[in-house]
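Undergrad: compute the structure for the input listed below.
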Amino acid sequence: MISFRKIYNKMEKRPFWVYSIILIAFAIIFTIYLLEVQIRIGVIYWDVYLYLNNALMFAGLGDGYKIYLSPLIPFLTSLLYRAGFVCQASLYSVTGLIFILGIYGMYLLLNLRFTHLKSFAGAIIFTSCSVVLPWAVSGALDVPAVCFSIWTIFLAVYGLEKNNKAIYFIFPAAALAFLTRYTSGLLILPLLFLFITHYFDNGFTKSEIKKIAISIVLGILIFLPFVGFFHANLGNPFPFLDQFGVSVENHASTRDPGLMPDKAYYLKNIPNYISSYPLNDSRLDFGSMMTPNTGQVNPISYFILILTGLGLISYVSGILNKLWDVLKNNYLDRATKKNTSSGRNINKKLDSWLNNRYILPIMVFLVEILIILFIISLGGNSYLISELLMFFTILITYFALRKIEIIKGREIKKVFRIDLIILIWFLTYLISHSFLSIKVDRYFITMIPAVVYFMVLGLSNTGNLIARLTNKLDHKKIISGALILILALTLFASALQPYEDKVPYKVYGFLEEGAKMMKTYDPQYKEKVIFSDQWPALSWYLKMDVQRGYPLDFKTSDEFSQMLKNSNATYFISTNGRGSLNMEGYSKVANDKIVYIYKRN
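TA: Below is the predicted model of the structure:
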């Protein structure tokens, strides 16, 4: 134990920059590995073709599809296209670079609350989650958006708590997150909580107000070019407002494969999202890696979650015990009223109001009422009411905790604020995504940073419990730090195993082969009008504007063929195994496996 203690102490005493260099090196090497695998796999998700085509549009090399989608990643990819790198790897590389930034940002965010070693281990856990890895460098928007979100929350907390120069970058980071994926706009709730509580605890200096104003201007400057683009091409500078309305109204087609009314879907599948294996041993089972809920949970996931749960229960119990002690001791000891303010608190009236002996029980009662209303609201169809009830419940809870700290005559613990900010982050996305009828596993990526944060918090407290039960309180830092690091490395090792067994294979390789078949059959294909049921994919592979042609949109095959005739379509490329379509005026002229080319007679 003595030798292990020496080793741990040496690790713990390593300066911040040492951990930073090690983590960045790890992130670069690991991301390069993932990129190499991704390039061999190719596109794994249909929407990625939309982003590839939109990047062509931004580069002036083609037409885009659904150009109202979040534009940042396609725009950044278009810069590589302009440099001559017109390939899928450009999109993967952009998302890979952002993933590296996200890993380091996760370390910085955790380091606001935990030691360097625990924060390092938490960053490893973030990279190892089974819901993150398949999407990390895939060209999809979920991981890049959450990486920018991590930086937004970190800069906000760090800027207001430690170095106000970081305030300049809060809203630029928020703008980048929003432009990467519009759902990042929900970060407004944890940011609002931070600004409100910071104001009531410390107030804003003139310097901070100036920096916040400049930060907002910088964020707007980042946002304006894309607003102008949307206005010029769509006639609507804010198309994301329409998508927000759809999400609030919660409309979904019964044909959508992601239709899942169960509001507990994401909670039920958390073990799968931490670590899971594909059920099938075939190399062709990469699909279950993309959708972890279809896989088998790794026992290490249950083990981590149980230990995390024990630690969080211990943590919350400690807070509730303090609250109970205050209520039991007649709410307020007059002897502690002499010194209630700390720091540069400008809200003396608030402190005076909070020190009233009846305020705390009133706040506790109000929180109970809000919790009941919140539970009732979960049965509704719109998440907005639930989000607001959740927000005010936590806000009032914070002031109750603040009152306890005033009673003890100590400076308010900033860790309470950070913990509650991360809790709001988690609940904001859990509530919004759980209300939506369409549920897919990758949406949980928005919650992963918060989950990792509470894992580190819970495991830290579990380590302290183990030290207490084994009468080794002087070793509690060693036990908790070692526990988190060992579990992080174990999780990472198990995360790599499916990549050794299941990949690579091209998920959409048949589409690429279908495009080659079209080029071979008719070298002058670009002069023709082509329709396909996989139009974004064929547009990318053929580097032309392939039109949408989806037979299920029509009642009969005659209606579909008539649409093709009216559109002067020369070819229809079917990629969904429709090799026996009977379309008047069109004949099958080529096929390869499940790709069929129909030509107008």
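
Undergrad: can you give me the helices for the stretch 351-500 of the chain?
TA: Taking DSSP state H, counting those that start in this stretch, the helices of the stretch 351-500 of the chain run over residues 359-377, 383-407, 414-435, 448-469, 476-502.

Undergrad: so for the shortest one, mean pLDDT?
TA: Translated: helix 359-377. Mean per-residue pLDDT for helix 359-377: 87.

Undergrad: can you offset everything so residue one is 18?
TA: Sure thing, new numbering starts at 18, so read that last one as helix 376-394.

Undergrad: in it, what's buried?
TA: Across helix 376-394, burial judged by 16 or more other C-beta atoms under 10 Å covers 376, 377, 380, 384, 387, 391, 394. No exception for glycine: its C-beta is placed from N, CA and C like everyone else's.

Undergrad: need the residues you listed in a markdown table with distance to residue 603, can you?
TA: Compiled in a markdown table, the buried residues of helix 376-394 are given as follows (distance: C-beta to C-beta, whole Å):
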| residue | distance to residue 603 |
| --- | --- |
| 376 | 77 |
| 377 | 76 |
| 380 | 71 |
| 384 | 66 |
| 387 | 62 |
| 391 | 57 |
| 394 | 53 |
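
Undergrad: for the spatially most central residue of the chain, which non-adjacent residue is spatially closest?
TA: Central residue of the chain (C-alpha atoms, centre = their mean): residue 463, 2.4 Å from the mean position. Residue nearest to residue 463 in three dimensions, not counting chain neighbours: residue 446, with 4.3 Å by C-beta to C-beta, 6 or more residues apart in numbering.

Undergrad: rewinding a little: the helices of the stretch 368-517 of the chain into TSV, with extra columns for distance to residue 197?
TA: Formatted as TSV, the helices of the stretch 368-517 of the chain follow (distance: least, C-beta to C-beta, whole Å):
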stretch	distance to residue 197
helix 376-394	30
helix 400-424	21
helix 431-452	15
helix 465-486	15
helix 493-519	24
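
Undergrad: give me the buried stretch members for stretch 36-54, please.
TA: In stretch 36-54, counting by 16+ other C-beta under 10 Å, buried: 36, 37, 40, 43, 44, 47, 48, 51, 52, 54.

Undergrad: just how off-centre is it within its chain?
TA: 20 Å (C-alpha atoms, centre = their mean, to the nearest Å).

Undergrad: do the same with stretch 211-231
TA: 27 Å.

Undergrad: ditto for stretch 402-414
TA: The answer for stretch 402-414 is 21 Å, by C-alpha atoms, centre = their mean.

Undergrad: what does stretch 120-127 give?
TA: 14 Å.

Undergrad: again, but for stretch 433-444
TA: 15 Å.

Undergrad: repeat that for stretch 201-217.
TA: 18 Å.

Undergrad: ok, stretch 500-516 next?
TA: 21 Å.

Undergrad: now stretch 435-446
TA: 13 Å.

Undergrad: mind listing residues that contact it?
TA: Here stretch 435-446 makes contact (C-beta atoms under 8 Å, 6 or more residues apart in numbering) with 129-130, 170, 174, 200, 203-204, 206-207, 210-211, 404, 407-408, 411, 414-415, 460, 463-464, 466-468, 470-471, 474.

Undergrad: pretty sure residue 187 sits against residue 176.
TA: Yes. Look at residue 187 against residue 176 with C-beta atoms under 8 Å: they come within range, at 6.0 Å.

Undergrad: give me the more crowded residue out of these two.
TA: More neighbours surround residue 187 than the other of residue 187 and residue 176, with 28 against 22 (other C-beta atoms under 10 Å).

Undergrad: which element is the more buried one on?
TA: For residue 187, the enclosing helix or strand under DSSP states H and E is helix 187-197.

Undergrad: what comes into contact with that helix?
TA: 87-90, 158, 161-162, 165-166, 168-169, 172-173, 176, 201-202, 204, 208, 229, 232-233, 235-237, 239-240, 243.

Undergrad: report the buried members of these.
TA: So, by 16+ other C-beta under 10 Å, the buried ones in those are 87-90, 158, 161-162, 165-166, 168-169, 172-173, 176, 201, 204, 208, 229, 232, 235-236, 239-240, 243.

Undergrad: helices - which of those residues land there?
TA: With helices taken from DSSP state H, the overlap with the buried ones among the contacts of helix 187-197 comprises 89-90, 161-162, 165-166, 168-169, 172-173, 176, 208, 229, 232, 235-236, 239-240, 243.

Undergrad: for residue 144, which non-adjacent residue is closest in space?
TA: Nearest to residue 144 is residue 120, by C-beta to C-beta, 6+ apart, at 5.7 Å.

Undergrad: with respect to residue 250, which of the helices of the stretch 368-517 of the chain lies nearest?
TA: Checking the helices of the stretch 368-517 of the chain against residue 250 by C-beta to C-beta gives helix 431-452 as the closest, at 28.1 Å.

Undergrad: what angle do that closest one and helix 400-424 make?
TA: For helix 431-452 against helix 400-424, the angle by axes from the mean of the first three to the mean of the last three C-alpha atoms, to 10 degrees is 170 degrees.

Undergrad: hmm, back to that, from the buried residues of helix 376-394, pick the one nearest residue 66.
TA: residue 394 (38.3 Å).

Undergrad: do I have it right that that closest one meets residue 406?
TA: Yes. The pair residue 394 / residue 406 is scored as a contact, 5.8 Å apart, by C-beta under 8 Å.

Undergrad: any idea which helix or strand of the chain has the worst average confidence?
TA: Across the helices and strands of the chain, mean confidence by mean pLDDT, DSSP states H and E is lowest for helix 365-371: a mean of 55.

Undergrad: and residue 285, how many neighbours?
TA: 10.

Undergrad: check the burial of the nearest residue to it once chain neighbours are set aside by counting its neighbours.
TA: In space, and not counting its chain neighbours, residue 285 is closest to residue 279: 7.7 Å by C-beta to C-beta, 6+ apart. Using other C-beta under 10 Å, residue 279 has 11 neighbouring residues.

Undergrad: where does the stretch 118-267 of the chain dip in pLDDT?
TA: 262-267 (pLDDT under 70).

Undergrad: repeat that for 90
TA: Across the stretch 118-267 of the chain, the ranges flagged by pLDDT under 90 are 178-179, 215-221, 248-267.

Undergrad: quick check: domain ranges of the chain?
TA: 30-261, 526-617 (automatic domain parsing).

Undergrad: so how far is the first one from its chain's centroid?
TA: Domain 30-261 has its C-alpha centroid displaced from the chain centroid by 10 Å (C-alpha atoms, centre = their mean).

Undergrad: in stretch 526-533, what's buried?
TA: Within stretch 526-533, the residues that count as buried by 16+ other C-beta under 10 Å are 527, 528, 529, 530, 531, 532.

Undergrad: likewise stretch 599-612?
TA: Taking 16+ other C-beta under 10 Å as the criterion, stretch 599-612 shows 600, 603, 607, 612 as buried.

Undergrad: ends of that stretch, how far apart?
TA: Taking C-alpha to C-alpha, to the nearest Å, stretch 599-612 runs 16 Å from one end to the other.

Undergrad: one step back: tabulate the buried residues of stretch 526-533 in TSV, adding columns for secondary structure, pLDDT and distance to residue 618.
TA: Output for the buried residues of stretch 526-533, formatted as TSV (DSSP: H, G, I helix; E, B strand; the rest coil; pLDDT from 0 to 100; distance: C-beta to C-beta, whole Å):
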residue	secondary structure	pLDDT	distance to residue 618
527	helix	84	26
528	helix	88	25
529	helix	88	28
530	helix	88	25
531	helix	89	21
532	helix	91	23
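
Undergrad: if anything else comes up later, I'll come back, but that's it for now.
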